[in-house]
Every structure is written in structure tokens, then in C-alpha cells.
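Visitor: test case, fold it:
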Amino acid sequence: MPLSYPSGTISEHLATRNAATMFDVSHLGTVRVEGPSAFDLLQKTLTNDLDKIAPGRAQYTHLLDDRTGSVTDDIIVWWIDREVFDIMPNASNTSSVLASIPGQDITRERAIIAVQGPKARSLAALLLPEVNQLSHFGVVRSRWNRQPITIAGTGYTGEDGIEVFVPNQFAPSLWNELANVGVMPAGLGARDTLRLEAGLPLHGHELGEGITPLQVGLEWVVAFSKPDFLGRKALLAEKNRGITRKLVGLRGFSRQPLRRDQEIVKDGRPIGFTTSGNFSPVYGVGIAMGFIEPDCDIGQEVVLESKGKSIPAEIVKLPFVKKAYAKQR
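Guide: Now for the predicted structure:
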């Protein structure tokens with residue numbers, strides 16, 4: 001996936017918010033776990049509770065460091081069939097996931113095309129009619145041009161959409177046909193600004209070593225009701241004593257982009273740091289996410305400092321842009 005196509009990052013970003021774009025996200029990992037013990041293995045390893053869903057559904061979950069409760073990776077589980085699960089880790093973390101979840105790495109066997117935006121379903125349905133009946137986080141096996149594919153109602157933009165798992169050799173044809181029905185190609189730049197506006201964390205920024213689900217406001221991903229999973233004891237201890245920082249949004253007052261690793265200062269005192277930042281094409285100002293002290297409130301004004309420059313900003317609630325997912329069908 002390039003940084004952008006000739007249309008440019010801002011055009012691709014706005015096309016995703018207003019129409020439909022497609023991203024080649026084949027760099028993501030895929031680990032297949034199957035067999036009669038697959039369900040129990042995942043339940044004892046990952047934070048979320050698979051009993052909340054069923055075959056034909058996907059679930060967002062975390063893999064934690066057992067000692068610290070830090071997020072080793074955030075993962076989407078596609079529950080394909082009764083004893084078949086496709087685990088979707090971040091690309092650089094596939095080997096770490098395999099170390100905790102024995103399975104088959106099938107990353108190189110398939111491509112994944114993400115079609116995102118308010119018109120994503122209507123345009124994709126011209127080629128894949130079943131997407132009209134696919135709910136948000138639904139999963140369905142199908143065929144396209146007689147080839148086996150899997151479609152999930154997932155994405156990473158905050159917009160409605162789908163992700164299509166297709167054999168490598170047939171991905172270019174599907175990509176071209178999607179372009180022919182009006183889906184614009186989009187690159188890495190737009191994918192990052194879209195997920196930032198949607199307040200979606202990125203591993204290595206808002207998630208990673210030393211960062212727990214509780215600190216980023218993702219306790220809903222953690223099923224403490226399960227008797228055991230990796231990192232449960234450490235996470236429960238943090239929950240009982242209270243977090244020492246929390247993730248928030250930061251909105252500037254000008255078009256100047258906010259950036260990662262800027263110090264967040266209030267009343268002359270450092271209270272945190274930014275983890276991701278950029279220019280928001282929707283609001284026309286700089287925005288960022290960052291960690292601050294837990295007693296700082298939404299609405300307070302702060303200053304971001306970096307390389308001798310001071311940028312005024314306001315602490316805001318995430319997400320910046322309201323998510324627009326499909327309703328359950």
C-alpha cells in the first residue's frame with residue numbers, strides 16, 4: 001500500500017468519509033487456528049469473551065503480556081466456522097502472536113482488500129451481493145468468479161465497510177473491478193488520518209509495551225468474568241489500584257498538524273505526551289491522541305511543546321469523528 005495514489009491523501013480521506021475507497025491491507029497477518037481445541041485455546045489466551053459471539057461473527061480483542069498486562073497486540077478474530085478461526089494481528093506482530101497461539105500462518109496465501117465509506121456496501125454489492133446482508137462485524141464465506149473468498153464487516157476508518165479475504169492471484173482482478181464500479185484506491189496516509197479522526201488506537205503508538213487496555217479506555221475488550229487469560233492478574237491489579245494515565249483527544253486551533261511525541265503542558269507543568277497526530281481533513285485543524293494524568297478533564301486548554309515551539313490545544317473526548325458503522329441485520 002503506497003502512502004497515497006495520484007489523487008492525494010486529503011482527497012482519499014474525504015472520499016472515504018463521503019463515498020467509498022479501497023485499501024490494500026494484505027500486509028496484515030493471518031493466523032488460522034482450527035480443530036476441537038481452538039475455542040478453548042483462544043478463550044484462555046485472549047482478553048475478550050468468544051461466548052459473546054458465534055460462528056459467522058468477528059470480535060476485537062487483545063493479546064497481553066502475562067506479566068505486565070501490556071498489549072502485545074490488538075487483534076480481530078474472524079470466527080469462520082465452528083472449529084475454524086482466522087486471527088488477524090498487526091503485520092509486525094504475527095510471530096509474537098504465533099508464539100502464544102499455535103496456528104498456521106497463511107498470510108502469504110491471501111490478499112485483503114478493505115472497502116470503506118458510506119457507499120462501500122452499495123458499490124461492493126454490485127460484485128458481491130451478499131454484503132447487503134452482512135452486519136457490522138459479521139463474517140461470511142462466499143465465492144467471487146468461482147473463487148473462495150471470505151468477507152467481514154470490519155475496517156479501520158470509523159466508516160461502514162467490508163474487508164475481503166481473497167486468494168492472492170485473484171486480488172488484482174477484484175481490485176480492478178471495484179475501481180470500475182467507482183471505488184477509489186486509497187493509501188497509507190489516508191488510512192492513518194481516518195483512524196486518527198475515529199479515535200482508533202494503533203499498535204506502537206496508543207498500544208504496546210507498558211500500555212494496558214485500561215489506560216486507553218478499552219476495558220470493554222477485557223472479560224474479567226473469564227477465570228483466566230494471559231495478563232488477567234496484572235490487569236486486575238491495575239484496575240483495583242487505578243490507572244496512572246489515560247488516553248484523550250487533543251484538538252488544535254489552527255491548521256498546523258499536531259505530531260507524535262509532543263509534550264502536553266498545562267499551567268506550565270508537563271502532564272503527558274502525544275502518541276499520534278496529524279491534520280484533520282474533516283475539521284481543518286491539527287488533532288492528536290495522547291496520554292495525560294487521569295484527573296485532567298475534557299475541555300481544558302493545554303499547550304503542546306516540541307522543538308522550541310508551543311501549540312495551543314484543547315483536551316477533547318474521543319473519537320473526533322463519530323463512527324458510522326452498519327446497523328445489525
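Visitor: mind listing the strands for the stretch 101-250 of the chain?
Guide: 104-105, 110-116, 139-144, 147-152, 161-167, 184-185, 246-252 (DSSP state E, counting those that start in this stretch).
Visitor: which of the residues in stretch 176-194 are buried?
Guide: Within stretch 176-194, the residues scored as buried using 16 or more other CB atoms under 10 Å are 178, 183-194. Glycine gets a C-beta too; all of them are placed from N, C-alpha and C.
Visitor: still on that earlier bit, can you add distance to Ser11 and mean pLDDT and give the strands of the stretch 101-250 of the chain back as a markdown table?
Guide: Output for those, formatted as a markdown table (distance: least, CB to CB, whole Å; pLDDT from 0 to 100):
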| stretch | distance to Ser11 | mean pLDDT |
| --- | --- | --- |
| strand 104-105 | 36 | 97 |
| strand 110-116 | 15 | 98 |
| strand 139-144 | 28 | 97 |
| strand 147-152 | 27 | 97 |
| strand 161-167 | 18 | 98 |
| strand 184-185 | 8 | 98 |
| strand 246-252 | 22 | 98 |
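Visitor: and Lys307, how many residues sit next to it?
Guide: The local packing of Lys307 (other CB atoms under 10 Å) involves 6 other residues.
Visitor: mind checking the backbone torsions on it?
Guide: Lys307 adopts backbone torsions of phi 50, psi 40, taken as degrees, to the nearest 10.
Visitor: coming back round to it: now distance to Thr30 too, for the strands of the stretch 101-250 of the chain, in CSV please.
Guide: Below are the strands of the stretch 101-250 of the chain laid out as CSV (distance: least, CB to CB, whole Å):
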stretch, distance to Thr30
strand 104-105, 7
strand 110-116, 7
strand 139-144, 13
strand 147-152, 10
strand 161-167, 8
strand 184-185, 22
strand 246-252, 28
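Visitor: and of the ones you listed, who's closest to Lys44?
Guide: Evaluated with CB to CB, the strands of the stretch 101-250 of the chain place strand 104-105 nearest to Lys44, the distance being 19.1 Å.
Visitor: that closest one: partners in the sheet, and parallel or antiparallel?
Guide: Note on strand 104-105: by DSSP bridges, its sheet partners are strand 31-34 (antiparallel).
Visitor: please name every helix or strand in contact with whichever helix or strand comes after the partner strand.
Guide: Heading C-terminal from strand 31-34, the first helix or strand you meet, by DSSP states H and E, is helix 38-45. Identification of packing neighbours for helix 38-45 by 3 or more CB pairs under 8 Å, 6 or more residues apart in numbering; DSSP states H and E yields strand 84-88.
Visitor: quick check: angle from the strand it packs on to strand 161-167?
Guide: Orientation check (axes from the mean of the first three to the mean of the last three CA atoms, to 10 degrees): strand 84-88 against strand 161-167 gives 110 degrees.
Visitor: list the buried ones in strand 84-88?
Guide: For strand 84-88, a neighbour-count test (16+ other CB under 10 Å) marks Phe85, Asp86, Ile87, Met88 as buried.
Visitor: which strands and helices sit next to it?
Guide: Using 3+ CB pairs under 8 Å, 6+ apart: strand 84-88 touches strand 31-34, helix 38-45, strand 71-81.
Visitor: so what's the gap between it and the chain middle?
Guide: Relative to its chain's centre, strand 84-88 lies at 16 Å (CA atoms, centre = their mean, to the nearest Å).
Visitor: same check, this time on stretch 300-311
Guide: For stretch 300-311, the distance to the chain centre is 28 Å (CA atoms, centre = their mean).
Visitor: end-to-end on it?
Guide: Distance across stretch 300-311, first residue to last, is 14 Å (CA to CA, to the nearest Å).
Visitor: name the residues of that stretch that are buried.
Guide: Across stretch 300-311, burial judged by 16+ other CB under 10 Å covers Val302, Val303, Leu304, Ser306, Ile311.
Visitor: what do you get for stretch 228-235?
Guide: By neighbour count on 16+ other CB under 10 Å, the buried set for stretch 228-235 is Phe229, Leu230, Gly231, Arg232, Ala234, Leu235.
Visitor: next, format these as JSON lines and append pLDDT and distance to Arg255.
Guide: Compiled in JSON lines, those are given as follows (pLDDT from 0 to 100; distance: CB to CB, whole Å):
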{"residue": "Phe229", "pLDDT": "98", "distance to Arg255": "44"}
{"residue": "Leu230", "pLDDT": "98", "distance to Arg255": "43"}
{"residue": "Gly231", "pLDDT": "98", "distance to Arg255": "41"}
{"residue": "Arg232", "pLDDT": "98", "distance to Arg255": "45"}
{"residue": "Ala234", "pLDDT": "98", "distance to Arg255": "42"}
{"residue": "Leu235", "pLDDT": "98", "distance to Arg255": "40"}
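Visitor: tell me which two of those sit farthest apart.
Guide: Across those, the longest distance by CB to CB is 11.1 Å; it joins Phe229 and Ala234.
Visitor: what about Arg110, distance to Ile149?
Guide: Going from Arg110 to Ile149 by CB to CB, to the nearest Å gives 9 Å.
Visitor: again with Pro257
Guide: Using CB to CB, Pro257 is found at 38 Å from Ile149.
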